[in-house]
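Enquirer: Please find the sequence and the predicted model below.
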Amino acid sequence: MNHSELFLDPKQMKIYKTKKILFSVVLYSFLVAIALFIIVPFYYMLVTSLKTVGEINSDQFIFFPRSWMWENYSELFTNKNGTITSGISLLSMYKNTILVAILTTSGTIVTVVLSAFAFARLNFKGRELIFSVLLMTMMIPGEIYVITNYQTIGSLGWRNSYQALVLPFVTSVFYTFFLRQTFKQIPNELYLAAKVDGTTDFGYLLRVMIPIAKATIITIIILSMIGTWNAYVWPSLVTNDKGMYLVSNGLLEMFKGKVEQSGPDSILNVQMAGSTMITVPLLIVFIVLRKYIMSGVSRSGIKG
């Protein structure tokens, strides 16, 4: 029984329980509506990827395919029916995306951990001012940086290269702020005790701070890799070589010239199969590692 219920008479108790039930009904109805809003498009993508062309052209929406067309997925790799006319390989896109994600995330972790440690523990002149300026840059839309980054990459001759896909994103002000909040929760007495024992700043970072902030660092790794996996605008600008496409921008190019969404020549089922192949790995990663994301977010939000 709730503590407040002890001081209510029967009439007030009835009103209170009625309001509580109504609130629960409204709350769960809202949550169910949000869940459906998210799940229905994914379900449509999944079932469409397993439909035949005839089922796609049907006037009625088919919730379950009558015949499961797993051939739509094998078509992405074998191109048996000539659906992919661009000569782009899905395996090549996967390889490029995984390599870029690993390189970008590795660089991000190095720069973010070192900068977050400096802003959280080291005392130097202008620390708070510099950090405030960095935070202010978060208010600038990311699209504005695209122009100058593109000019820089072009002047260096790095278009259609891994450097162009990786280097502009090997650091993040948000992740620095995110990790700094976790580092600041670690008692300063540990740092002072380590200094008395002769431990260097770098040694203290490796032996104490990183193990304690493991959940937050893993969260940053996951979010960074997801960001790389979903990136579209920048890879589309700096790559036009088929061998350098990532899964985000390469999927559209795979079916270039064959965009029939209906009719006997529709390839919507194969397109949806490609979208599913790109989406499912992210869902698996999130499901497997979601506890680290929740733990990292909760730890970073306790103390400013």
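Expert: Sure thing, it's come through. Since the structure is predicted, the reported quantities are computational estimates derived from the model, not experimental observations.

Enquirer: and the end-to-end length of stretch 237-244?
Expert: This stretch, stretch 237-244, spans 12 Å end to end (C-alpha to C-alpha, to the nearest Å).

Enquirer: and the most centrally placed residue in the chain, how far is that from residue 282?
Expert: Centroid-nearest residue in the chain, with C-alpha atoms, centre = their mean: residue 226, separated by 3.1 Å. Distance from residue 226 to residue 282, counting by C-beta to C-beta, to the nearest Å: 6 Å. Every residue, glycine included, has its C-beta placed from N, CA and C.

Enquirer: Find the nearest non-adjacent residue to residue 105, please.
Expert: Leaving aside its sequence neighbours, residue 105 sits nearest to residue 224 (C-beta to C-beta, 6 or more residues apart in numbering; 4.4 Å).

Enquirer: Burial check on that neighbour, number of neighbours?
Expert: Neighbour count for residue 224, taken as other C-beta atoms under 10 Å: 22.

Enquirer: Assign a three-state SS to it, would you?
Expert: helix (DSSP: H, G, I helix; E, B strand; the rest coil).

Enquirer: go on, residue 72?
Expert: Following three-state DSSP, the label given to residue 72 is helix.

Enquirer: In CSV, list the C-alpha atoms belonging to stretch 11-27.
Expert: This file holds the C-alpha atoms of stretch 11-27, laid out as CSV (Å, rounded to 0.1, in the frame of the first residue of the first chain):
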residue,chain,number,x,y,z
LYS,A,11,-14.5,7.8,-0.7
GLN,A,12,-11.2,9.4,-1.3
MET,A,13,-9.6,6.0,-1.6
LYS,A,14,-12.0,5.1,-4.4
ILE,A,15,-11.3,8.3,-6.3
TYR,A,16,-7.6,7.9,-5.8
LYS,A,17,-7.7,4.3,-7.2
THR,A,18,-9.9,5.3,-10.1
LYS,A,19,-7.4,8.1,-11.0
LYS,A,20,-4.5,5.7,-10.6
ILE,A,21,-6.2,3.1,-13.0
LEU,A,22,-7.0,5.8,-15.6
PHE,A,23,-3.5,7.1,-15.5
SER,A,24,-2.1,3.6,-16.0
VAL,A,25,-4.5,3.0,-18.9
VAL,A,26,-3.5,6.3,-20.6
LEU,A,27,0.2,5.7,-20.0
